[in-house]
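>>> the following block contains a protein sequence and its predicted model.
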Amino acid sequence: PDGSWYGSWGVCFTYGCFFGVEGLVCAGRGVDSAPMRRCVRFLMARQNPNGGWGETYVSCVDKAYAQDSMFTAGGSGVVQTAWALLALMGAEVSSPEEISAVERGVQFLMQAQQKDGDWPQENITGVFNRSCGITYTSYRNVFPIWALARHARWSKKRA
């Protein structure tokens, strides 16, 4: 009802939103469909002031969104930010507020990137059976790169 999807293997509702939007797009659901718009509202309501998103593995255990205060960057992490951005751009957000949210998220990712091109290893981003936290070390690079690449295409499409 709140627009999110519970995600397995990743933490948690942000991850589920990314795959939910991708699934809706693949199924031919329009970007104006009710599930898509609810998901966008869910993500927009959870963006941090620094432009990123962050969620703790406790979301998986409690089955309720839990903000992650353990991230050093104002409660935001690069992986959850990338998932949120992929979902929002996949939903083809178009209002000025939504576009601003995407741009702020992209700025967060770019500022978090290290001089060597890597992103920092952060908190637990994976989970198994709701309570077994997993650190997928490649997530910190795969998803931010994917989000930035999608942003490059998305920006050209909007221009």
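Thanks, I have the structure now.

>>> which residue packs closest to Y65, ignoring adjacent ones?
Using Cβ to Cβ, 6 or more residues apart in numbering and skipping residues adjacent in sequence, the residue nearest Y65 is F13, 5.0 Å away. Yep, even glycine has a C-beta here, placed from its N, CA and C like the rest.

>>> what about the one you found, how many residues nearby?
29 (other Cβ atoms under 10 Å).

>>> and the one 5 residues further on, by the same measure?
Using other Cβ under 10 Å, the number of residues around F18 comes to 27.

>>> mind checking what secondary structure it has?
Assigned with DSSP: H, G, I helix; E, B strand; the rest coil, F18 falls in the helix class.

>>> K115 versus that one, what's the distance?
Distance, F18 to K115, using Cβ to Cβ, to the nearest Å: 28 Å.

>>> same check on N129?
Distance of N129 to K115, given as Cβ to Cβ: 38 Å.

>>> mind telling me what element Y136 is part of?
Element membership for Y136 (DSSP states H and E) is empty, with no helix or strand holding it.

>>> which residues touch the closest residue in space to it that isn't next to it in sequence?
Sequence neighbours aside, G126 is the residue nearest to Y136 in space, at 4.7 Å (criterion: Cβ to Cβ, 6+ apart). For G126, the set of contacting residues under the criterion of Cβ atoms under 8 Å, 6 or more residues apart in numbering consists of W9, G10, V11, G133, I134, T135, Y136, Y139.
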